[in-house]
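> one predicted model, sequence on top.
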Amino acid sequence: MSSPYKPVGYNSVSPYLVVAGADATIDFLTRVFGATKLRRIADGAGKVMHAEVRVDDSVIMLVDPVPPGWPSIASHVHVYVPDVDATYRKALEAGAVSVQAPVKKQDENKRAGVKDPGGTTWWIATKVE
């Protein structure tokens with residue numbers, strides 16, 4: 001179903017990440033979550049002025065820091081994946097640091113956390129009931 005106020009295939013809410021090393025984060029998202037690159041706009045020096053990737057049904061937007069008004073900001077993003085254990089291992093292989101190994105707690109999700117080299121913490125989960 002299309003909407004006149006947003007591009008076809010875009011969700012209504014998208015995280016916009018200001019990260020240290022947008023290209024490295026794009027590579028991380030591609031390797032770990034199978035992200036598809038949608039667009040990348042760079043300045044004359046090659047820094048990312050705006051980029052978009054699709055992870056499953058969601059679009060993530062990101063940019064390199066542009067001081068002083070756009071510093072890198074530590075963020076947290078939650079992503080549902082088919083297999084939290086496999087995705088967690090992929091993230092560590094791609095250079096992430098473990099925040100929480102996969103664990104099932106009180107809700108129906110098995111959840112893990114990793115921090116990528118650009119400073120974003122990714123909470124990954126699979127519904128296991």
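That came through fine.

> residues of the biggest helix by length in the chain that come out buried?
Determined from DSSP state H, the single longest helix within the chain is helix 22-33. For helix 22-33, the neighbour count (16 or more other C-beta atoms under 10 Å) marks 22-23, 25-29, 32-33 as buried. Bear in mind the C-beta positions are built from the backbone N, C-alpha and C, glycine included.

> now those in JSON lines, with distance to Lys47 and pLDDT?
Putting the buried residues of helix 22-33 into JSON lines (distance: C-beta to C-beta, whole Å; pLDDT from 0 to 100) gives the following:
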{"residue": "Ala22", "distance to Lys47": "8", "pLDDT": "96"}
{"residue": "Asp23", "distance to Lys47": "9", "pLDDT": "97"}
{"residue": "Thr25", "distance to Lys47": "13", "pLDDT": "97"}
{"residue": "Ile26", "distance to Lys47": "13", "pLDDT": "97"}
{"residue": "Asp27", "distance to Lys47": "15", "pLDDT": "97"}
{"residue": "Phe28", "distance to Lys47": "17", "pLDDT": "97"}
{"residue": "Leu29", "distance to Lys47": "18", "pLDDT": "98"}
{"residue": "Val32", "distance to Lys47": "23", "pLDDT": "98"}
{"residue": "Phe33", "distance to Lys47": "23", "pLDDT": "98"}
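
> how about the strands in this protein?
For the chain, strands defined by DSSP state E occupy the ranges 16-18, 36-42, 48-55, 58-63, 76-80, 97-104, 109-115, 121-127.

> so which of those is nearest Tyr10?
Of all these, strand 58-63 sits nearest to Tyr10, with 5.4 Å by C-beta to C-beta.

> I'd guessed Val53 sits against Leu29; true?
Yes. Proximity of Val53 to Leu29 meets the contact threshold set by C-beta atoms under 8 Å, at 5.4 Å.

> where do the contact lists of those two overlap?
Overlap of the contact sets of Val53 and Leu29 (by C-beta atoms under 8 Å, 6 or more residues apart in numbering) consists of 35, 60.
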